[in-house]
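Participant: just to be clear, the model below is a prediction. Sequence and coordinates:
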Amino acid sequence: MTQASQDPKQATKLNGRRAYAGGSLLSVTHLSLEQVSGILNVTVQLERMDHAERSRMLAGRRIALLFYESSTRTRTSFELAAKSLGATTTLVSDKSSSIEKGESLKDTGLTLRALGAEAIILRHPSSGAPFLLARETGLPILNAGDGMHEHPSQALLDARTMLMRLPGRDATVATAKSLEGVTVVITGDILHSRVARSNALLLPRLGAKVLLCGPEPLLPASALGLGPGVEIVRDFDEALGRAQVLMMLRIQKERLAGLELDLADYIARYQLNGERLAAGAPDALVLHPGPMIRGLEITGDVADGPNSAIERQVSNGLAVRSALLLRAFGVGGFESVIA
Amino acid sequence: MSDLLILNGRVIDPANRVDEARDLLLRDGKVAAVEKPGSLKDVEAAETIDAAGLVVAPGLIDVHVHLREPGQTYKETIATGTAAAAAGGFTTVVAMPNTLPVNDSVAGLEWMLAPERGAVVKLFAMPAATLGSMGATLTDFAALHAAGALGFTDDGKPVLEDEIMRAALIAAARLGVPVSQHAEDTHLTGGCSMNAGPVAFRLGLRGMTVEAESRIVERDIRLLREIEKSEGLHPHLHVQHVSTGRALEAIREARQQGLHVTCEAAPHHFTLTDEAVGDYDTNAKMNPPLRAEADRQAVLSGLADGTVDCIATDHAPHAAHEKEQEFERAPNGITGLETALGLALRVLHKGQGLALGRIIALMSAAPAGIVSLADRGSLKTGNWGDVVVFDPAAEWSFAAKDSRSKSRNTPFDGAAMSGRVKATISEGRVVFRG
């Protein structure tokens, strides 16, 4: 586990035309199954590693967290992950930086690079912003959520949670059959959800069936374009009857953009409560990427109940993101990523 | 005076139904003679162009360009934009009014058209239909028309209010010029940055629907019908950059009913689809956006069956720093003057089998007709000596870095082009040699 030298110009060709630094994670679609497998495998190794050894992995390396949107789980887990690996981190947020004075994303990225940042973790309200930052800085960029587009690390930790909690699965590898026979129902505000997109793009490649569930304004038919293995089911109770995993999503009030929603009707049709769970999918695993609004898309008894793996998701977030940071630097089993 | 001979070429002049070997004499800026090969051999011209193996056609006319001057000369100037036009084979361009300040006054129009601006080819303008293009108060159509306005438009924005659009159509009809409409129902497109559909969904971008375009086209057609009834006028609506099958259907139907509706299509809309947005390529961002394949096919059909009257580029230069932004923040628009002919010949001629003469008509005689330029768009004797000479067989790749435009915002950097401009002649002067 030696530290590979980091050359920002080291880049991978994607789609035959754009170049991004090899350790970047911009979209789950950029990961081969083999690479997903590698991430899961290193995640396990890191969890088994003693604290002292882990803290030498990225000792002296510099990571910037660039957050243009608020975050609890993602930011904290990336930051704790980086620190547990020995890296130095700095947090730049739009509220307390020159971004408020109108500095562009490109210039902010170039400034962080000039200050020695070797990788940037970006959360941004604009879909595609990490692609821009990756192109302009040449640094490995980890997409920590971009607008309505993707949240790749969330999909990876969700996959790991499913593999750990569903009976008879192996959480150390990813194959096209890892989630064979598993139906994952993602319910709620699909339109505005980067978590839904990343999961719908990743899970079918692991063998799962993804059912998207929600009312038309929050789930347009164009969602089927996410690819094979994705289906739209409008009736939540019908979807429950097929589910091994239930992933509930928050209504993203900040992105509704004038969309009017009858919340009482929404709750009646799509809330996951104890009664509904017991009737429709008593054995299903319940996931939620957070933040949860208890009493809206999910009730407290379900969130805190035996089916829930929500806290497991959070702790898996720390582990998976640690692996992604090693990957960004091409160390700890990821040497070939930037080679 | 100054004579220019163009010999041995294949003259394609659709307006005069000419497609055969001809020699061409330009004298004092005008077309002086178009004769059988060899018959002009005794003329002593100051300059002679040997066009053997080349097509000689009326200079191309673009009724929709943004030259950014005054106000945004870091993107383009009239001099650089018209130089790009010349390189693309265009001899006439019509500047849109969304400059800073908006071209909404006689003084602004005269300033723009003044020789001091250094236009390389013939420059016309369509001033704003409303003051500041704010959509509220009509500009002085009569005074602007007297000063050279070819029509009126708030391009970049639609004229949204029914009553204002009705008044604009009536005022323009009395002057015999079109109102050129950017058809977008902006109530439906807030926050949108590309075409609505599966690609937008996957990229997490809000999408503009087909209806956002067709609803305005349908509304404007309804206004035409009402004005014909109530005023006894025959107003001319020109629909800019049509990008959807639904809008084309409305235009087709309106024309069958005898209404005066014309429309243009942009090369990017008949060449690319919304897949070209790729990894958030801001050079694939324009308004109207690149559409789905079905709509691209509808535009191709419209070009083939005549529903689309002309090709216009919507040349819209932007500086690199403006396009190097988040996709949703980056401005709309791409450059287009230097790639229009190469794409039209590649996609429409080679790809769709449209005759060369048809494509030349779409880019010369037809746009000349839309803005009533009687002495341009054909090689009739006495017309302005506006000529493009191109090699129809040349296959090449466009390189944005070689562009004459001040800006490089094109999705066609490195793209294959068919047919290459060898010379562009504006009013008898050679303004470009390739």
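Facilitator: That came through, no problem.
Participant: biggest helix in chain A by residues?
Facilitator: For chain A, the longest helix by residue count, based on DSSP state H, is helix A:310-329.
Participant: which residue, other than its chain neighbours, is closest to whatever residue of the stretch 251-400 of chain B ends up closest to chain A?
Facilitator: Of all residues in the stretch 251-400 of chain B, residue B:280 sits closest to chain A, at 3.2 Å by CB to the nearest CB. For every residue, glycine as well, the C-beta is placed using N, CA and C. Nearest residue to residue B:280, sequence neighbours excluded (CB to CB, 6 or more residues apart in numbering or on different chains): residue A:128, at 3.2 Å.
Participant: swap in residue A:100?
Facilitator: residue A:94 (6.6 Å).
Participant: so how far is residue A:321 from that neighbour?
Facilitator: As for residue A:94, its distance to residue A:321 is 21 Å (criterion: CB to CB, to the nearest Å).
Participant: ok, residue A:177 touching residue A:207?
Facilitator: Yes - applying CB atoms under 8 Å, one finds residue A:177 in contact with residue A:207, separated by 4.8 Å.
Participant: give me the more crowded residue out of the two.
Facilitator: Using other CB atoms under 10 Å in any protein chain shown, the more surrounded residue of residue A:177 and residue A:207 is residue A:207, with 16 against 9.
Participant: and the helices in the stretch 151-300 of chain B?
Facilitator: B:162-175, B:198-203, B:210-231, B:245-256, B:267-271, B:293-305 (DSSP state H, counting those that start in this stretch).
Participant: quick one: buried residues of the third one?
Facilitator: Spelled out, that is helix B:210-231. B:210, B:212-221, B:223-224, B:227-228 (16 or more other CB atoms under 10 Å in any protein chain shown).
Participant: which residues touch the residue nearest to residue A:100?
Facilitator: By CB atoms under 8 Å, 6 or more residues apart in numbering or on different chains, residue A:94 lies in contact with A:67-69, A:100.
Participant: likewise residue B:19?
Facilitator: Here residue B:19 is in contact with B:10-13, B:356-357 (CB under 8 Å, 6+ apart).
Participant: quick check, pLDDT for the closest residue to residue B:317 other than its chain neighbours.
Facilitator: Closest residue to residue B:317 apart from its sequence neighbours, by CB to CB, 6+ apart: residue B:407 at 3.4 Å. pLDDT, residue B:407: 98.
Participant: cool, and residue B:253?
Facilitator: 98.
Participant: and it, what is it in contact with?
Facilitator: Counting by CB under 8 Å, 6+ apart, residue B:253 has contacts residue B:221.
Participant: can you rerun that using 10 Å?
Facilitator: Going by CB atoms under 10 Å, 6 or more residues apart in numbering or on different chains, residue B:253 touches B:218, B:221, B:259, B:261, B:307.
Participant: would you turn those into a markdown table with pLDDT?
Facilitator: Below are those laid out as a markdown table (pLDDT from 0 to 100):
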| residue | pLDDT |
| --- | --- |
| B:218 | 98 |
| B:221 | 98 |
| B:259 | 98 |
| B:261 | 98 |
| B:307 | 98 |
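Participant: looking at those, spot the one nearest residue B:79.
Facilitator: Residue B:79 has its nearest neighbour among the contacts of residue B:253 in residue B:261, at 34.5 Å by CB to CB.
Participant: just the contacts of residue B:19: which are in strands?
Facilitator: Among those, the members found in strands (DSSP state E) are B:10-13.
Participant: now the two most distant members of these.
Facilitator: Top of the distance list for these (CB to CB): B:10 and B:13, 10.5 Å.
Participant: neighbour count: those two, which is higher?
Facilitator: More neighbours surround residue B:13 than the other of residue B:10 and residue B:13, with 27 against 18 (other CB under 10 Å).
Participant: want to try CSV for the helices of the stretch 151-300 of chain B, with distance to residue B:33 as columns?
Facilitator: Below are the helices of the stretch 151-300 of chain B laid out as CSV (distance: least, CB to CB, whole Å):
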stretch, distance to residue B:33
helix B:162-175, 35
helix B:198-203, 53
helix B:210-231, 42
helix B:245-256, 37
helix B:267-271, 33
helix B:293-305, 33
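Participant: residues in contact with the strand or helix carrying residue A:279?
Facilitator: Element membership for residue A:279, per DSSP states H and E: helix A:274-280. Contacts of helix A:274-280 with the rest of the structure, by CB under 10 Å, 6+ apart, involve A:185, A:236-243, A:246, A:270, A:272-273, A:283-284, A:286, A:298-302, A:305, A:307-308.
Participant: pull out the buried residues from the residues you listed.
Facilitator: A:185, A:236, A:239-240, A:242-243, A:246, A:270, A:272, A:284, A:286, A:298-299, A:302, A:307-308.
Participant: which one of those residues sits closest to chain B?
Facilitator: residue A:185 (18.7 Å).
Participant: list the pairing partners of whichever helix or strand that closest one is part of within its sheet, with orientation.
Facilitator: For residue A:185, the element it lies in under DSSP H and E is strand A:183-187. Partners of strand A:183-187 in the sheet, by DSSP bridges, are strand A:209-213 (parallel), strand A:245-248 (parallel).
Participant: would you list these in JSON lines and tack on distance to residue A:333 and mean pLDDT?
Facilitator: Shown next, in JSON lines, are the strands paired with strand A:183-187 (distance: least, CB to CB, whole Å; pLDDT from 0 to 100):
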{"stretch": "strand A:209-213", "distance to residue A:333": "29", "mean pLDDT": "98"}
{"stretch": "strand A:245-248", "distance to residue A:333": "28", "mean pLDDT": "98"}
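Participant: redo these as a markdown table? Include distance to residue A:57.
Facilitator: Putting these into a markdown table (distance: least, CB to CB, whole Å) gives the following:
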| stretch | distance to residue A:57 |
| --- | --- |
| strand A:209-213 | 34 |
| strand A:245-248 | 31 |
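Participant: and residue A:52, which of these is closest to it?
Facilitator: So among those, strand A:245-248 is nearest, using CB to CB, at 36.6 Å.
Participant: mind checking pLDDT for residue A:101?
Facilitator: At residue A:101, pLDDT is 87.
Participant: run the chain-centre distance for stretch A:101-112.
Facilitator: 24 Å (CA atoms, centre = their mean, to the nearest Å).
Participant: same thing with stretch B:143-155?
Facilitator: That offset, for stretch B:143-155, works out to 16 Å (CA atoms, centre = their mean).
Participant: not counting sequence-adjacent ones, nearest residue to the residue in chain B that chain A sits nearest to?
Facilitator: For chain B, the residue closest to chain A is residue B:198, as judged by CB to the nearest CB, at 2.4 Å. Leaving out its chain neighbours, the residue that sits closest to residue B:198 by CB to CB, 6+ apart is residue A:225, at 2.4 Å.
Participant: show me the contacts for that neighbour.
Facilitator: Residue A:225 neighbours (CB under 10 Å, 6+ apart): B:197-202.
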